[in-house]
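S.K.: Turn this into a structure:
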Amino acid sequence: MPWYELESANDPRLDELAAQYHLHPLHIEDCRSEHESVKVDTTPSYTFAVFRPVHLNGEPVFTTIDIFAGKDFFITIAEPDCPASAEALARARRDGSDDNPARLLYLVLDTIVDLYFPAIDQFDDRMDDLEDKVIDSPSPEILQSVFALKRELIDLRRVLVNTRDASLRLQRDPGSVVDAEYQPYIRDIYDHIVRLLDSVETQRDLLNNTLDIYLSSVANRTNEVMKVLTVVGTIALPVIAISGIYGMNLKGLPFESSPNGGLYVGGMTVLCTALLLAVLRKLRWL
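M.R.: Numbering: from 1, shown residues only. Okay, the predicted model is just below:
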């Protein structure tokens, strides 16, 4: 069985293969469409699949691999620069069978799904780091990182949901190239995807908790600042009140004609401030 490996959907050989094996024009259009979602479609003569491998480049990056699996041919279209696609195809070449397209399709999909687990682990590490930063030093930059991670999780979940539906289609569609021998293997892939989705849901909950921690930390910091400002303003109140009274040039004020009046008024101000501090400490405001 021939296996045609193309590096681009714009390769003229794809049109030749489409004419030779009667590939549907809509499937060719899907191959040449950017950001096509994961899907599986079957025709009487072949199974068409679009998968989204992920590789880690600081953050998860998704690429596309298109597969035409017929009874007597196998066509793959994958970017050569994607390590995940290269690993999936290398495993299929190494462990696959030249006359069994179902096994080749299974090996490619199984490798793609297995490579989602390191991405999940990376999300765990990044979330742990964000939680530490949120607790130690919450800042607007940390908040932006939280929202960026949340968007990445949404993208990962969307790809996983579509991959789960695609594997379910491979199991249930009687016209699929995957025969009864490889149905248990596809069910095993389905179980792995369900586990991945459970992990993503858990991470989304943890990320929401991290966001709540950030908001609580910012609110607590604001409350501490307001408390300090309130205490400082309260402590300064006797000084402001006494200096304001003596600054109105009223007649008959205590110590007005005394040569040491300034010292007496200053001492009275210090005494009032000390009494106020004692009251605040007794009320445990300090």
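S.K.: any low-confidence regions in the stretch 51-200 of the chain?
M.R.: 98 (pLDDT under 70).
S.K.: hmm, 80 instead?
M.R.: 57-59, 96-99, 135-139, 174-175 (pLDDT under 80).
S.K.: Tell me which other helices or strands the host helix or strand of Ala236 touches.
M.R.: Ala236 belongs to helix 183-246 when assigned by DSSP states H and E. Helices and strands touching helix 183-246, by 3 or more Cβ pairs under 8 Å, 6 or more residues apart in numbering; DSSP states H and E, are helix 101-114, helix 116-136, helix 140-172, helix 261-282. C-betas here are computed from N, CA, C, even on glycine.
S.K.: Burial-wise, tell me which of the ones you listed comes out on top.
M.R.: Among these, helix 101-114 has the highest mean neighbour count (mean count of other Cβ atoms under 10 Å), at a mean of 23.
S.K.: Can you name every helix or strand that it contacts?
M.R.: With contacts defined as 3+ Cβ pairs under 8 Å, 6+ apart, helix 101-114 has these neighbours: strand 46-51, strand 65-70, strand 74-78, helix 83-95, helix 140-172, helix 183-246.
S.K.: Nearest to Pro254, out of the ones you listed?
M.R.: Shortest distance between Pro254 and the helices and strands packed on helix 101-114, using Cβ to Cβ, is found for helix 183-246: 9.5 Å.
S.K.: gap between the closest one and the chain center?
M.R.: Between the centre of helix 183-246 and the centre of its chain there are 18 Å (Cα atoms, centre = their mean, to the nearest Å).
S.K.: ok, now stretch 18-36?
M.R.: For stretch 18-36, the distance to the chain centre is 32 Å (Cα atoms, centre = their mean).
S.K.: And it, end to end?
M.R.: 19 Å (Cα to Cα, to the nearest Å).
S.K.: Now it: buried residues?
M.R.: Across stretch 18-36, burial judged by 16 or more other Cβ atoms under 10 Å covers Ala18, Leu23, His27, Ile28, Asp30, Cys31.
S.K.: Output these in TSV; the columns should cover pLDDT.
M.R.: Putting the buried residues of stretch 18-36 into TSV (pLDDT from 0 to 100) gives the following:
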residue	pLDDT
Ala18	91
Leu23	91
His27	92
Ile28	91
Asp30	90
Cys31	91
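S.K.: out of these, what pair is the most spread apart?
M.R.: Largest pairwise distance in those, by Cβ to Cβ, is 12.1 Å, between Ala18 and Asp30.
S.K.: So which residue is dead centre in the protein?
M.R.: Leu149 (2.9 Å; Cα atoms, centre = their mean).
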